[in-house]
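[1] build me a structure from this.
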Amino acid sequence: MYKIIFNFAKNFAMKHILLILAIFASMMVSAQQRLVYQSYMLGSDSGDTTFREVLRYKNQLKINDIQEFEGELIQGLSTDYTFVDYDADSAYFQMNYQDGESYFYAYPLKTNDIEFEEIGSEKVKGYNCKKYKTSINSNTIEVWMTESLGYDASPVTSRGYLKGVMVRQAINGNRIMDLKSVKKDKKLKKSLIPDNLGVRKSGRELNNIKKEKLIIRTKIFDDDQIHFVKMDKFQGEIPFDTVIHFSWGTIILKRVNLPVLPEHYQIFAELHQRSNGDAYDRSGSVFVIPMDRKLSLCNALIDSIEVIPCQLDKNGNKYQGIRLEDDYMPVVELMRFFTPFGVNHFNDRVQLDGLEWADEAYYKMEVSELSDRLQGDVLIGAFIGNYDGGGHKVSLDLVAYPQDYDGDVSKNSRWSMPLFNTCNVMEMSGQNYGRLFQTDSLTVEFDIPEGVENLKLRYITTGHGGWDGGDEFNPKENTIIIDGEKVLRYTPWRCDCATYRELNPVSGNFWNGVSSSDLSRSGWCPGTATNPVYFDLSDLKPGHHTITVAIPQGEDEGGSFSHWMVSGVLVGKK
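    Numbering: from 1, shown residues only. All right, here's what the predicted structure looks like:
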């Protein structure tokens, strides 16, 4: 009898001990976990996947993406974490920078306007799950949650709270995030959330900080004046970071040192312009002066327009510095733009029902293909042809946006060679308008070095002659001839100029309700930039070649004449 009682007590105690050990072990397992999630596109063959880690200690989470990157990283990257405190119904998104700066945004976890509908249950990756569904911005989001693990954990916190551990997420049925592994981690700190998260910001402020840190913005000109005024001639070497006026004030030039960026950066020229007294639509150009050869436009600016090579047309007219020569390289045009009729300065001159005049003209153009000209010691200029003492005010930034995390500049392969530019930026110093096409064509000899690939011609063209019969208002075909063969034809024409009426407060208004700024033009409108066109020249072999531009320029009429501003740059990879 005593033996039976002893055995019963022994077995009963053992069961309770095992039960207690099981409960204790369960508590230990549930207290410290490392969960890894994998994201991928369903059906994709690229193998491009990303991973996210969720560290859990009791009711706290630390979430971060697992970055597997070898080599140099771009500047401005932050290390980001999301922290969750289920007990406090709080989540925190934190950004950390190499300079020691930290910023964070706090938001409630469970208080959220997004509502999930429970639509059933399924077994996913071996877990019994409840399935939920919602829609955000026309995206269908499905989430599978399991409560079998006995705790809460999710790699996605921005949509609020669902009980349990997320096993799968599907966005529009093909963007999948799966629970890859769950492991015990005894090394986790008892408090995953740091005492000091940094400087608190709103979500929008945090997003702006992240973008500003990644974007590389270089201020070139800052509300600088381009006008016509008597001035002393500049002498000596152009200093860094100083705005110098040339050609009676119609050119501003600055020498800057630009960073060498990885090739994946997209680079934009961003220009703001407003009238400071000039009422008319004027031709403008943002350009780089290359210093590859013995002579450049810089010599003409400092010495005289006569020191650079010139071409004579059949009438004996001179065209200075318009094409590539053995000892000279023309300017590289980043952006061709046209000022509107008096924006800002004349906004109170005319009032029209239904129109509110803009404060300024704004132009933004990608110039990434010319990035080899935008690094190191660079001379950048801006020109607006005008005869007014007040003229114009301009601000210019170069803005670079990364497209990758790779900071290796040794992979850069962009190559460019300027061939011609008839935009007479030194107009006020005697550089002639591009009138040669009336009797001549423009021919340039050039050499393509070995190893250049993906060759293209970046071509900007606009026609001018501001009367009914002038080339400004009449379409003219541009023909490109290479090595004696007509290979390219293009007719520049803009018929959307009326779109920009609010930029042109003192544009002439005709009896029929049309404004002069509305009229269609040869590749430009008042208040716009002219887009380059790109011609594929990948069939050209290394060696010596010629390129010719031919345009049927119209005849002069009285004191009026037509002219063409054309610029061409070869771009490729080497």
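
[2] tell me the secondary structure at Gly93.
    Rather than Gly, residue 93 is Phe. What DSSP: H, G, I helix; E, B strand; the rest coil gives for Phe93 is strand.

[3] so it sits against Asp80, correct?
    Yes - Phe93 lies in contact with Asp80 (CB atoms under 8 Å); the separation is 7.1 Å. Any C-beta I mention is one placed from the backbone N, CA and C, and that applies to glycine too.

[4] can you show me the helices along the protein?
    Taking DSSP state H as the criterion, the chain carries its helices at 2-31, 203-214, 297-302.

[5] mean pLDDT lowest where, among these?
    Here those differ in mean pLDDT, and the lowest is helix 2-31 at a mean of 51.

[6] looking at Phe93 and Asp80, which is more packed in?
    For Phe93 versus Asp80, neighbours defined as other CB atoms under 10 Å are more numerous around Phe93 (20 against 15).

[7] how near is the more buried one to Met335?
    38 Å (CB to CB, to the nearest Å).

[8] next one: Gly465
    For Gly465, the distance to Met335 equals 22 Å [CB to CB].

[9] contacting residues for Leu179?
    When contacts are counted by CB atoms under 8 Å, 6 or more residues apart in numbering, Leu179 touches Leu35, Val36, Tyr37, Lys125, Tyr127, Val165, Met166, Val167, Arg168.

[10] mind doing that once more with 6 Å?
    Contact analysis of Leu179 by CB atoms under 6 Å, 6 or more residues apart in numbering lists Tyr37, Val167.

[11] that one bridge partners, please.
    Beta-bridge partners for Leu179, by DSSP bridges, are Tyr37.

[12] pLDDT at it, what is it?
    97.

[13] equivalent analysis for Lys186, please.
    With respect to pLDDT, Lys186 scores 83.

[14] please tell me how far the closest residue to it other than its chain neighbours sits from Phe83.
    Spatial nearest neighbour of Lys186, chain neighbours left out: Gln32 (6.1 Å); criterion: CB to CB, 6 or more residues apart in numbering. Using CB to CB, Gln32 is found at 16 Å from Phe83.

[15] so those two - more neighbours on which side?
    Between Gln32 and Phe83, Phe83 has the larger neighbour count (other CB under 10 Å), namely 22 against 18.

[16] so where is the stretch 251-400 of the chain shaky, pLDDT-wise?
    Within the stretch 251-400 of the chain, no range satisfies pLDDT under 70.

[17] no, scratch that, I was asking about the stretch 401-550 of the chain
    For the stretch 401-550 of the chain, no stretch has pLDDT under 70.

[18] next up, the contacts around Ser39.
    With contact taken as CB under 6 Å, 6+ apart, Ser39 is in contact with Thr50, Met177.

[19] typed the wrong thing, it's Cys497
    Cys497 neighbours (CB under 6 Å, 6+ apart): Asp518, Cys525.

[20] let's have the chain start at 361 instead
    I'll keep to 361 as the first residue from here, and by that count the last item is Cys857.

[21] distance check, it against Val926.
    Cys857 sits 20 Å away from Val926, going by CB to CB.

[22] which strand residues bridge the nearest residue to Arg560 once chain neighbours are set aside?
    The shortest distance from Arg560 to any non-neighbouring residue, by CB to CB, 6+ apart, is to Phe464 (6.0 Å). Legend: beta-bridge partners of Phe464 under DSSP bridges are Gln454, Arg560.

[23] tally of neighbours for the residue nearest to Lys674 when sequence neighbours are not counted?
    Leaving aside its chain neighbours, Lys674 sits nearest to Thr799 (4.3 Å; criterion: CB to CB, 6+ apart). Thr799 has 11 neighbours, counted by other CB under 10 Å.

[24] now do the contacts for Thr799.
    Going by CB under 6 Å, 6+ apart, Thr799 touches Asp673, Lys674, Asn675.

[25] tell me how far the first one lies from Thr821.
    From Asp673 across to Thr821, the span is 18 Å (CB to CB).

[26] again, but for the second one
    As defined by CB to CB, Lys674 lies at a distance of 22 Å from Thr821.

[27] which one's more surrounded, those two?
    Legend: neighbour count by other CB under 10 Å for Lys674 and Thr821, higher for Thr821 (25 against 9).

[28] ok, how many other residues are close to the residue nearest to Gly825 when sequence neighbours are not counted?
    Using CB to CB, 6+ apart and skipping the chain neighbours, the partner closest in space to Gly825 is Ser922 (3.1 Å). Using other CB under 10 Å, Ser922 has 28 neighbouring residues.

[29] quick check: the gap between Ser922 and Asp737.
    Taking CB to CB as the measure, Ser922 falls 38 Å from Asp737.

[30] do Ile531 as well
    Distance of Ile531 to Asp737, given as CB to CB: 48 Å.

[31] pull the contacting residues for Phe780.
    Neighbour list for Phe780: Ile682, Arg683, Leu802, Val804, Gly928 [criterion: CB under 6 Å, 6+ apart].

[32] partner residues bridging it?
    Beta bridges link Phe780 to Arg683, Gly928 when assigned by DSSP bridges.

[33] measure it to Thr906 for me?
    Using CB to CB, one gets 12 Å for the distance from Phe780 to Thr906.

[34] what do you get for Trp924?
    From Trp924 to Thr906 the distance is 19 Å (CB to CB).

[35] look at the two and report which has more neighbours.
    Higher neighbour count among Trp924 and Thr906: Trp924, with 27 against 12, using other CB under 10 Å.

[36] and for that one, nearest residue in space, chain neighbours not counted?
    Gly794 (4.8 Å).

[37] how near is the closest residue to Met777 other than its chain neighbours to Trp827?
    Nearest non-adjacent residue to Met777, counting by CB to CB, 6+ apart: Leu930, 4.5 Å away. Leu930 sits 35 Å away from Trp827, going by CB to CB.

[38] got the domain boundaries for this structure?
    As assigned by automatic domain parsing, the chain contains the domains 390-569, 575-933.

[39] which one of those is the most hemmed in?
    Counting by mean count of other CB atoms under 10 Å, domain 575-933 has the highest mean neighbour count of the domains of the chain, with a mean of 18.

[40] I figured the residue nearest to Arg560 hits Gln454, correct?
    Yes - Phe464 is in contact with Gln454 according to CB atoms under 6 Å; the separation is 4.2 Å.

[41] now list whatever residues contact both of the two.
    In contact with both Phe464 and Gln454: Leu557, using CB under 6 Å, 6+ apart.
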